[in-house]
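Colleague: Fold the following, please.
(2 chains)
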2 protein chains.
Amino acid sequence: MQSKRIGYSTLCFQNPPSVIGFASVVGKKEGEGPLAGYFDYINNDTSFGEKTWEKAESRMQKDALTIASNKANQPISAIQYIFAGDLINQCISSSFAIREFKIPFFGLYGACSTMAEGLGLAAMTIDGGYAALAAVLTSSHFCSAERQYRTPLEYGAQRAPTAQWTVTGSGCVLLSDNGPGPYITHFTAGKIIDLGITDTNNMGAAMAPAAHSTLLAFFQDTNTQPSDYDLIVTGDLGKVGHAIVTDLLRDDGIQFCGNFNDCGLMIYDLEKQDVHAGGSGCGCSAVVLCSKIIKDMQAGILNKVLFAGTGALHSPVSAQQGESVPGICHAVCLSSKKQ
Amino acid sequence: MQSKRIGYSTLCFQNPPSVIGFASVVGKKEGEGPLAGYFDYINNDTSFGEKTWEKAESRMQKDALTIASNKANQPISAIQYIFAGDLINQCISSSFAIREFKIPFFGLYGACSTMAEGLGLAAMTIDGGYAALAAVLTSSHFCSAERQYRTPLEYGAQRAPTAQWTVTGSGCVLLSDNGPGPYITHFTAGKIIDLGITDTNNMGAAMAPAAHSTLLAFFQDTNTQPSDYDLIVTGDLGKVGHAIVTDLLRDDGIQFCGNFNDCGLMIYDLEKQDVHAGGSGCGCSAVVLCSKIIKDMQAGILNKVLFAGTGALHSPVSAQQGESVPGICHAVCLSSKKQ
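Modeller: Numbering: from 1, shown residues only, chains lettered A, B, ... in the order given. Now for the predicted structure:
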């Protein structure tokens, strides 16, 4: 069989899957940010009507899946695979969201890179002829993440300047073998990179080397440069990590031309919303992709986007045991054309 | 493109990937069980020389990956994707095991079904032409699982008769687009099934309906029956779940002919080893597959095996919040021939 790989680690799809549905569901704070007008559903009740934060997260995922399916004019039962995961221990936000739908399910754990990881796997599944319709779904919730990773909310701990704010939100993408685009044309799966950052309040610095590694691999494998893209967007490095990646790539001779952004910088107004270094969480890159980015692609404002999801593959236990924070980054190329 | 799906949810691979390497690494208790002679590496020091149980689990994964690569005569650097996951929060056993190898990595969360989930995804990746060599890796450790899911080890809690014993072990399979077999010929991804079991000391009963659903789908989609297989093996339902699935399938008119077993029943001597209902954990089905099952296939003792990995997609938090235990089962068909 003809290889679908180009370069060392990038896939080039021969039948690029099309986005045919997408949805973003967010909480109050995200609804007060600069992307407010792009979200499908903003709920000012952060509990989403549920009794616990974890159940609120599952509720957001159910809502995102339902809205995306409605927008695609597809019944949920037509989805042949769901790829989903989240930050909560044992990914319960996803499994409890999905259990009622009776759709074959692949559970993922990619931390904040989950949307990109899922898009890559779902694109392979559709391009390869294993499914005609697949969903990618993820979420995060400030309250469930904060108490699991950091301190009880009631404790009111002071936040470090490098800390990022976990987005309350869920994003869902429906990919089909047939549709008007945008299309997923390329995918570069990331390697784990760990340069020894042990400060769990500085995820941006911990994940930046992984973003650097994957972006460099992508540009080399595809023989392209930043100016070939309307937008190159990481998710979610925040202010600190974004600056580090810019520096690291500049050292490699790769310069951006004002087209490099980060989902963690896009979702909040960093000056006014008291989020320190920006947004984070599986939901952050997912809802930014499933709102402004895809809508701008559909409107012809953006034609070629490189979406590079980043994740920190640590846990409170690994930090307590003195370990550093391994990072990963998966890059997905979206294009309004099939190439 | 021609669909590679048969029936509702089963994939039939046109270029079935071959197992070219596999390894099983286990602890002391597993090394005292009936499969002792089949394991690649038994370490009687359950810490595997590491300072924490979580690091011991990562060490087992590194050893399993290294042994599998050596047995396949492949450098680890030739592996194009690793699919891995485990039970520990945020899957740190996998990410800390894999970080030094610099191989593109897909993090999975399928609880005890992780080996089957990974084999399905890796098989699609190779059959589809996206990679020539991929690894599937998972692990569990009695001590890390017990303290995370149940009680501190020092507490010495009494175990319920339906409880299963988490296997200390790691299994690794290397799949290639070219090899002597056994081959992965079919794959059925599972749906989440939750019939309302809330007893977290009875995982077998919680997962049995998912195993029933996937096995039924597989037999219907492939138009085969149990007598077409030398072995049908779930992993890990234990004594309770295995009996329930047997009953449920009998009600559907599907009868086994002495060829239905369970990895949780195979790995320990239930009478002598005080493990109550049997073994469990991501490592259980992984090391049983990567020892007796594949070795018996290579020796011609087994020619066609249906390997159905089962997982319980709950967490201590979901249990504390009154939730029941969702189950999932992914089925992989292995054959000594390409069909």
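Colleague: If I look at the residue in the stretch 1-150 of chain A that chain B sits nearest to, what pLDDT would I see?
Modeller: Nearest residue of the stretch 1-150 of chain A to chain B: A:Gly128, at 3.2 Å (C-beta to the nearest C-beta). Placement of C-beta: from N, CA and C, glycine included. Listed pLDDT for A:Gly128 reads 96.
Colleague: How about it: what's its closest non-neighbour residue?
Modeller: Once flanking residues are discounted, A:Gly128 sits nearest to B:Gly128: 3.2 Å by C-beta to C-beta, 6 or more residues apart in numbering or on different chains.
Colleague: again, but for A:Leu175
Modeller: Spatial nearest neighbour of A:Leu175, chain neighbours left out: A:Pro17 (4.2 Å); criterion: C-beta to C-beta, 6+ apart.
Colleague: I'd guessed the one you found sits against A:Val173; true?
Modeller: No - in terms of C-beta atoms under 8 Å, A:Pro17 does not count as a neighbour of A:Val173; the distance is 9.8 Å.
Colleague: Break chain A into its domains for me.
Modeller: Listed by automatic domain parsing, the domain ranges of chain A are A:5-176, A:183-335.
Colleague: Please convert these to CSV, extending it with distance to B:Glu100 and mean neighbour count.
Modeller: Below are the domains of chain A laid out as CSV (distance: least, C-beta to C-beta, whole Å; neighbours: other C-beta atoms under 10 Å in any protein chain shown):
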stretch, distance to B:Glu100, mean neighbour count
domain A:5-176, 17, 23
domain A:183-335, 8, 23
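Colleague: where's the residue lying closest to A:Phe101 once chain neighbours are set aside relative to A:Gly179, distance?
Modeller: Spatial nearest neighbour of A:Phe101, chain neighbours left out: A:Ile76 (5.5 Å); criterion: C-beta to C-beta, 6+ apart. Between A:Ile76 and A:Gly179 the distance is 17 Å, computed by C-beta to C-beta, to the nearest Å.
Colleague: Return the residues in contact with the residue of the stretch 1-150 of chain A closest to chain B.
Modeller: If you count contacts by C-beta atoms under 8 Å, 6 or more residues apart in numbering or on different chains, A:Gly128 has them with B:4, B:124, B:127-130.
Colleague: Name the nearest of the residues you listed relative to chain A.
Modeller: B:Gly128 (3.2 Å).
Colleague: Phi, psi for that closest one please.
Modeller: phi -80, psi -10 (degrees, to the nearest 10).
Colleague: for A:Ala135, helix, strand, or coil?
Modeller: strand (DSSP: H, G, I helix; E, B strand; the rest coil).
Colleague: Check whether it really touches A:Cys172, as I assumed.
Modeller: Yes - the criterion here is C-beta under 8 Å, and A:Ala135 meets it with A:Cys172 at 6.1 Å.
Colleague: what residues are shared contacts of the two?
Modeller: Residues touching both A:Ala135 and A:Cys172 (C-beta under 8 Å, 6+ apart) are A:65, A:68.
Colleague: Next, show the common contact partners of A:Pro17 and A:Val173.
Modeller: A:Ala122.
Colleague: what does the stretch 101-250 of chain A put close to chain B?
Modeller: Residues of the stretch 101-250 of chain A lying near chain B by C-beta under 8 Å from any C-beta of the partner chain: A:102-111, A:117, A:121, A:124-125, A:127-132, A:177, A:188-194.
Colleague: which residues does the residue nearest to A:Phe101 contact?
Modeller: A:65-66, A:69, A:101, A:103.
Colleague: Reformat those residues into CSV and put distance to A:Cys284, pLDDT and secondary structure next to each item.
Modeller: Formatted as CSV, those follow (distance: C-beta to C-beta, whole Å; pLDDT from 0 to 100; DSSP: H, G, I helix; E, B strand; the rest coil):
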residue, distance to A:Cys284, pLDDT, secondary structure
A:Leu65, 18, 98, helix
A:Thr66, 21, 98, helix
A:Ser69, 23, 98, helix
A:Phe101, 24, 97, helix
A:Ile103, 25, 98, coil
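Colleague: Identify the farthest-apart pair in those residues.
Modeller: Of all pairs drawn from the contacts of A:Ile76, the widest gap by C-beta to C-beta lies between A:Thr66 and A:Ile103 and measures 12.7 Å.
Colleague: Please, where are all the helices along the stretch 51-200 of chain A?
Modeller: Assigned by DSSP state H, counting those that start in this stretch, the stretch 51-200 of chain A shows helices spanning A:53-71, A:92-98, A:114-127, A:142-149.
Colleague: neighbouring contacts of the second one?
Modeller: Helix A:92-98 has contacts (C-beta under 8 Å, 6+ apart) with A:54-55, A:57-59, A:61-62, A:65, A:82, A:84-87, A:105, A:107, A:137-139, A:141, A:144, B:192, B:313-315, B:317-318, B:323, B:326, B:328.
Colleague: Recalculate using a threshold of 6 Å.
Modeller: Helix A:92-98 is contacted from outside by A:57-58, A:61-62, A:82, A:84-86, A:105, A:139, B:192, B:313, B:315, B:318, B:326, using C-beta atoms under 6 Å, 6 or more residues apart in numbering or on different chains.
Colleague: what's the distance between that helix and the middle of its chain?
Modeller: 17 Å (C-alpha atoms, centre = their mean, to the nearest Å).
Colleague: what about dumping the CA coordinates of it to PDB?
Modeller: Below are the C-alpha coordinates for helix A:92-98, written out as PDB (Å, rounded to 0.1, in the frame of the first residue of the first chain):
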ATOM      1  CA  ILE A  92     -15.500  10.300  33.800                       C
ATOM      2  CA  SER A  93     -16.800  13.500  32.300                       C
ATOM      3  CA  SER A  94     -16.600  11.800  28.900                       C
ATOM      4  CA  SER A  95     -17.800   8.300  29.800                       C
ATOM      5  CA  PHE A  96     -20.800   9.600  31.800                       C
ATOM      6  CA  ALA A  97     -21.700  12.000  29.000                       C
ATOM      7  CA  ILE A  98     -21.600   9.400  26.300                       C
END
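Colleague: any idea of the mean pLDDT for it?
Modeller: On average, helix A:92-98 scores 98.
Colleague: And stretch A:188-206, end to end?
Modeller: Length of stretch A:188-206, first residue to last, C-alpha to C-alpha, to the nearest Å: 20 Å.
Colleague: Can you give the contact residues for that stretch?
Modeller: With C-beta under 6 Å, 6+ apart as the contact definition, stretch A:188-206 has outside contacts at A:9-10, A:120, A:160, A:162-164, A:209-210, A:213-214, A:217-218, A:237-238, A:240-241, A:277, A:312, A:319, A:324-331, B:98-99, B:102, B:104-105.
Colleague: Please enumerate the strands of the stretch 101-250 of chain A.
Modeller: Using DSSP state E, counting those that start in this stretch, the strands found in the stretch 101-250 of chain A span residues A:105-107, A:133-140, A:165-166, A:169-176, A:183-188, A:231-235.
Colleague: possible to save the ones you listed as JSON lines with mean pLDDT and distance to A:Asn202?
Modeller: Below are these laid out as JSON lines (pLDDT from 0 to 100; distance: least, C-beta to C-beta, whole Å):
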{"stretch": "strand A:105-107", "mean pLDDT": "98", "distance to A:Asn202": "29"}
{"stretch": "strand A:133-140", "mean pLDDT": "98", "distance to A:Asn202": "18"}
{"stretch": "strand A:165-166", "mean pLDDT": "96", "distance to A:Asn202": "14"}
{"stretch": "strand A:169-176", "mean pLDDT": "98", "distance to A:Asn202": "23"}
{"stretch": "strand A:183-188", "mean pLDDT": "98", "distance to A:Asn202": "25"}
{"stretch": "strand A:231-235", "mean pLDDT": "97", "distance to A:Asn202": "15"}
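Colleague: I'm done for today, thanks for sticking with me.
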